[in-house]
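Q: Next one to model:
(2 chains)
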Amino acid sequence: DVKVTQSSRYLVKRTGEKVFLECVQDMDHENMFWYRQDPGLGLRLIYFSYDVKMKEKGDIPEGYSVSREKKERFSLILESASTNQTSMYLCASSYLSTTDTQYFGPGTRLTVL
Amino acid sequence: GIQVEQSPPDLILQEGANSTLRCNFSDSVNNLQWFHQNPWGQLINLFYIPSGTKQNGRLSATTVATERYSLLYISSSQTTDSGVYFCAVPSGTYKYIFGTGTRLKVLA
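A: Prediction:
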């Protein structure tokens, strides 16, 4: 079975802090994704990566950056957390293109005070 | 870009009842996925269904790509079916667009 893990289930940070969310997949998938989920808005793509060191902006990249130094790990970075970044963050991976299934991690519920 | 709409937005069922969830999309697609998000937030793949019908236990899905919709059927619902159901369609080579989901609550 594909396993996607995220570093924290719950996280509380203060405004202005630098926040790192880590995601690891164990199935040698090429593609990895970060989404945020907010009530009434569904899942919105922040960034994705289709190869090591490669990244592409999604629909809402402002205020975020990402890092993919190893194939299995994809990090989401909030350089200076703000209260409007309080949300559920979901990581996903897939083998190749959108012809393949996406597998999701358990999510990180981030609260910025 | 492609638009994805799901209906109904909310659904409450008594245990044992059947239901049909709908996903409409605005452009032709070459695949579609259905997911279930449990009350703890985990999204689980249910179906990868570009066309036709698939069944998995009490759940089945049908995609009619030419008419741009997909249906998810839940029969003999159980309380463990509660959660949010999402459909997602591809947008380009790597990205998926998700619908806003159907929130299902099954009462014992």
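Q: Distance check, the residue positioned nearest the centre of chain A against A:E79.
A: Geometric centre of chain A, nearest residue: A:W34, 2.8 Å, by CA atoms, centre = their mean. Distance of A:W34 to A:E79, computed by CB to CB, to the nearest Å: 14 Å. All C-beta atoms are positioned from the backbone trio N, CA, C, and that covers glycine.
Q: What residues does the residue nearest to the centre of chain A make contact with?
A: By CB atoms under 8 Å, 6 or more residues apart in numbering or on different chains, A:W34 lies in contact with A:21, A:23, A:45-48, A:58, A:64, A:66, A:74, A:76, A:89-91.
Q: out of the residues you listed, which is most surrounded?
A: With neighbours taken as other CB atoms under 10 Å in any protein chain shown, the top of these is A:F74, carrying 29 neighbours.
Q: which SS state does A:N84 fall under?
A: helix (DSSP: H, G, I helix; E, B strand; the rest coil).
Q: So what's the residue count around it?
A: Count around A:N84 with other CB under 10 Å applied: 9.
Q: got it, and B:V4?
A: With other CB under 10 Å as criterion, B:V4 counts 25.
Q: so who does it touch?
A: B:23-26, B:87-89, B:97-99 are the contacts of B:V4 under CB under 8 Å, 6+ apart.
Q: Then A:R44?
A: Taking CB under 8 Å, 6+ apart, one finds A:35-38, A:58-60 in contact with A:R44.
Q: show me which of those neighbour chain B.
A: A:G58 (CB under 8 Å from any CB of the partner chain).
Q: Could I get the contacting residues of A:H29?
A: A:2, A:71, A:93-95, A:103.
Q: how about 6 Å then?
A: With contact set as CB atoms under 6 Å, 6 or more residues apart in numbering or on different chains, A:H29 has these partners: A:93-95.
Q: what's the closest non-adjacent residue to it?
A: A:S93 (4.0 Å; CB to CB, 6 or more residues apart in numbering or on different chains).
Q: Show me what the one you found is bridged to.
A: Under the criterion DSSP bridges, A:S93 forms beta bridges with A:M32, A:Y103.
Q: mind listing what it touches?
A: By CB under 6 Å, 6+ apart, the neighbours of A:S93 are A:4, A:25, A:29, A:32, A:103.
Q: In stretch B:46-55, which residues are buried?
A: Buried positions in stretch B:46-55, judged by neighbour count with 16 or more other CB atoms under 10 Å in any protein chain shown: B:46-47, B:49.
Q: wait, I meant stretch B:4-14
A: B:4, B:6, B:11, B:13.
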